[in-house]
Structure formats: C-alpha cells, structure tokens
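In: Quick one, what's the 3D model for this:
(one chain, ligands or ions: 1)
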Amino acid sequence: MAPMGVVGCGAMGTAVAELLGHGGFPVLLAGGRRRTAERLASTIPGATAAPLETVALEGQLVILATSLEVSRREIAPRIHDHLVGKVVVDVSNPAPADLIGSAHDSAGEMLAEHFPKSPIVKALNCVSARRLRMIAHGGQAPTVPIAGDDLAAKQCVTYILRRLGLDVADAGSLRTSKWIEGLAELLRSLGSEEGLGDAVGFRLLRLDQVDRTSAGRAAIVPADRYDFGKEQG
Ligand SMILES: NC(=O)c1ccc[n+]([C@@H]2O[C@H](COP(=O)([O-])OP(=O)(O)OC[C@H]3O[C@@H](n4cnc5c(N)ncnc54)[C@H](OP(=O)(O)O)[C@@H]3O)[C@@H](O)[C@H]2O)c1
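Out: Numbering: from 1, shown residues only. Have a look, this model is predicted:
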C-alpha cells in the first residue's frame with residue numbers, strides 16, 4: 001500500500017500520524033524546522049521520516065497538518081507540482097487574521113488556490129489533536145464533516161477515516177468548508193462555556209436511520225398495511 005503523507009509533526013500531525021500508524025497505514029512524515037519527523041516516526045508503527053518533496057511524490061495523498069499560513073507560503077510553493085491529481089487533506093482552522101482581505105470565506109477554499117492541480121478535502125479540523133490521539137486508544141469517535149469538490153477524493157478520505165474508526169459525513173462542496181470551520185469555532189466556544197475544554201465533539205444524528213432501526217420500523221411498512229378501510233370492512 002502506498003504511504004499516507006503527513007506534513008507537520010506538531011500536535012495535529014502527531015495525532016493524525018499515530019491514528020494512521022495504529023490503523024495499519026504506512027505513513028511518510030515531513031516536519032519543519034525542529035526536525036521532529038525522525039523522532040516521531042520512530043514511535044509509530046509503519047512510519048518513516050522523509051523530506052517534504054519525497055512525502056509529496058510518494059504519498060498516496062497528503063494531509064497538511066500545518067498552519068494555513070505555513071501551508072500557503074512555505075509548503076504549497078515547494079510541492080504543489082508534485083501533487084498533481086493527488087488528494088490534499090486540509091485540517092486547518094484559520095486564525096482570525098487569515099481571511100481578512102481574502103476573496104475566500106474559508107481556509108479550505110483559500111488553500112485550493114495554492115494547490116490548483118489537486119483535489120482539496122476539508123476534514124478533521126473539528127476534532128482536537130488530543131481527542132484524536134485518544135481515539136487511537138479506543139476513545140469515543142466523533143463525526144468528521146468533510147467538504148470538497150471532487151467526489152472520488154472525498155470517497156478516498158471517507159474510506160480512510162472510517163477505517164480509523166471515525167464517523168464521516170459529507171457536507172458538500174468545498175464552499176461548505178466555511179461552515180465546518182465555523183463548527184470548530186462553535187465547539188471551542190461550547191467547550192469553554194461549559195467548562196469542558198476539548199472534551200466536546202460533534203456527532204451527526206441520522207434520524208431516519210434511527211427510526212428504521214428502532215420503533216420507527218413501523219413507519220416504513222408497506223402502504224397496503226395502512227388500508228384501514230379494507231381492514232374495517
Ligand atoms: N491542535 C489541534 O487540536 C488542532 C485541531 C484541529 C485542527 N488543527 C489545525 O492543524 C494545523 C496544525 O496545528 P497544530 O496544533 O498541530 O500546530 P503545531 O503544534 O504548532 O504544529 C505545526 C507544525 O508545523 C510544522 N511546520 C512548520 N513549517 C513547516 C514546513 N515548512 N514543513 C513541514 N512542517 C512545518 C512545525 O514544525 P517546526 O516547529 O519543527 O517548524 C510544527 O510541528 C493548524 O492548521 C490547526 O488549525 C489543530
């Protein structure tokens with residue numbers, strides 16, 4: 001299996017790489033200035049540290065676990081040409097200043113401009129790095145809303161995230177990134193106001209499915225069962 005590329009070995013890069021490694025995926029890791037990739041790779045099964053360009057060339061897809069600013073200014077110029085046709089996963093939440101003066105409403109759309117030949121999938125930004133690490137050890141899994149304009153790219157990301165034990169919900173085109181990024185803000189605010197910190201998460205209730213599997217089973221019985229006139233006659 002071709003490895004998953006992870007760029008950034010900070011809080012989020014570590015969490016994503018651990019989840020992938022423990023989930024049986026080979027991982028290629030690129031770090032930043034502090035050269036943390038080698039150290040991190042030595043702690044994760046199936047992980048290897050490599051230069052950024054190698055991660056882009058050999059990775060099946062690339063997960064950008066760096067700040068939006070670093071992804072745009074430092075990473076995209078070096079690797080966007082190596083990523084033609086490859087999925088780029090954007091986990092970022094923009095800082096308030098990031099979108100000022102931008103023509104875009106979200107980090108996801110902004111990043112797409114810097115990777116013009118790659119399908120961008122927004123994902124994982126609504127889960128804190130600490131919570132993600134707990135999922136690798138059996139913690140409760142939230143729903144990960146994803147967004148993107150390329151259906152095959154979203155299917156690929158969905159497959160991987162589900163294999164890692166996460167619930168995935170497709171929010172639609174990349175334009176919906178702004179709402180997914182807003183959801184991360186909301187969760188932060190809820191966690192703070194409720195005194196729960198990052199021990200809050202989003203889980204999508206699929207009510208029709210619940211109905212079908214519980215008492216609501218009766219709601220989809222064949223129509224002729226409702227022919228009261230016949231029964232009464
Ligand atoms: N932390 C969370 O709970 C969380 C949750 C959801 C989403 N996110 C998003 O995840 C992204 C990363 O956040 P974080 O908390 O992981 O930040 P972080 O801990 O500061 O990590 C950022 C990493 O990026 C690396 N980096 C900088 N320049 C690089 C380059 N040119 N090539 C490769 N790596 C480079 C840094 O490495 P050096 O220090 O060695 O330079 C650092 O390890 C952000 O966009 C954030 O919005 C974070």
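
In: Can you mark which positions in stretch 171-184 are buried?
Out: With burial defined by 16 or more other CB atoms under 10 Å, the residues of stretch 171-184 counted as buried are A171, L174, T176, S177, K178, W179, I180, E181, L183, A184. Quick note: C-beta positions are derived from backbone N, CA and C, even for glycine.

In: Who are the contact partners of the last one?
Out: A184 makes contacts with N93, N125, C126, as judged by CB atoms under 8 Å, 6 or more residues apart in numbering.

In: Stretch 52-65: end-to-end distance?
Out: Between the opening and closing residues of stretch 52-65 lies a distance of 13 Å (CA to CA, to the nearest Å).

In: Next, the buried residues of it.
Out: Applying a neighbour-count criterion of 16+ other CB under 10 Å, one finds L52, T54, V55, A56, L57, G59, Q60, L61, V62, I63, L64, A65 buried in stretch 52-65.

In: what's the spacing between that stretch and its chain's center?
Out: Stretch 52-65 has its C-alpha centroid displaced from the chain centroid by 16 Å (CA atoms, centre = their mean, to the nearest Å).

In: List of residues touching that stretch?
Out: Defining contact as CB under 8 Å, 6+ apart, one finds that stretch 52-65 is touched by 1-10, 12-13, 16, 28-30, 50, 71, 75, 78-79, 82-83, 86-92, 111, 124, 156-157.

In: Is the top helix by length along the chain in proximity to the ligand?
Out: In the chain, taking DSSP state H as the definition, the longest helix is helix 177-193. No - for helix 177-193 and the ligand, the contact criterion (CB under 6 Å from any ligand atom) is not met; the two come no nearer than 6.6 Å.

In: And stretch 66-81, by the same measure?
Out: Yes - in this structure, stretch 66-81 sits against the ligand according to CB under 6 Å from any ligand atom; the contacting residues are T66, S67, L68, V70, E74, I75.

In: Most widely separated two among the residues you listed?
Out: Of all pairs drawn from the residues of stretch 66-81 next to the ligand, the greatest distance, 11.2 Å, lies between L68 and E74 (CB to CB).

In: and the closest residue to G197 other than its chain neighbours, what is it in contact with?
Out: On the basis of CB to CB, 6 or more residues apart in numbering, the spatially nearest residue to G197 that is not a chain neighbour turns out to be G191, at 5.2 Å. Residues near G191 by CB under 8 Å, 6+ apart: G197, D198, A199, V200.

In: what does this protein put close to the ligand?
Out: Within the chain, the positions adjacent to the ligand are 7-13, 30-34, 36, 52, 65-68, 70, 74-75, 91-93, 125, 128-129 by CB under 6 Å from any ligand atom.

In: among the residues you listed, which ones are buried?
Out: By neighbour count, with 16+ other CB under 10 Å, those hold 7-10, 12-13, 30-32, 36, 52, 65-68, 75, 91-93, 125, 128-129 as buried.

In: ok, L174 touching I146?
Out: No - in terms of CB atoms under 8 Å, L174 does not count as a neighbour of I146; the distance is 10.1 Å.

In: what do those two both touch?
Out: Jointly contacting L174 and I146 under the rule CB under 8 Å, 6+ apart are K122.

In: Now do the same for the residue in the chain positioned nearest to the ligand: its pLDDT.
Out: Scanning the chain for the residue nearest the ligand gives G10, at 1.8 Å (criterion: CB to the nearest ligand atom). You'll see G10 listed with a pLDDT of 97.

In: quick one: contacts of the helix or strand containing M134?
Out: Counting by DSSP states H and E, the element that carries M134 is helix 129-135. Applying CB under 8 Å, 6+ apart, the external contacts of helix 129-135 come out as 10-12, 14-16, 18-19, 124, 127, 139, 141-142, 164-166, 198-199, 201.
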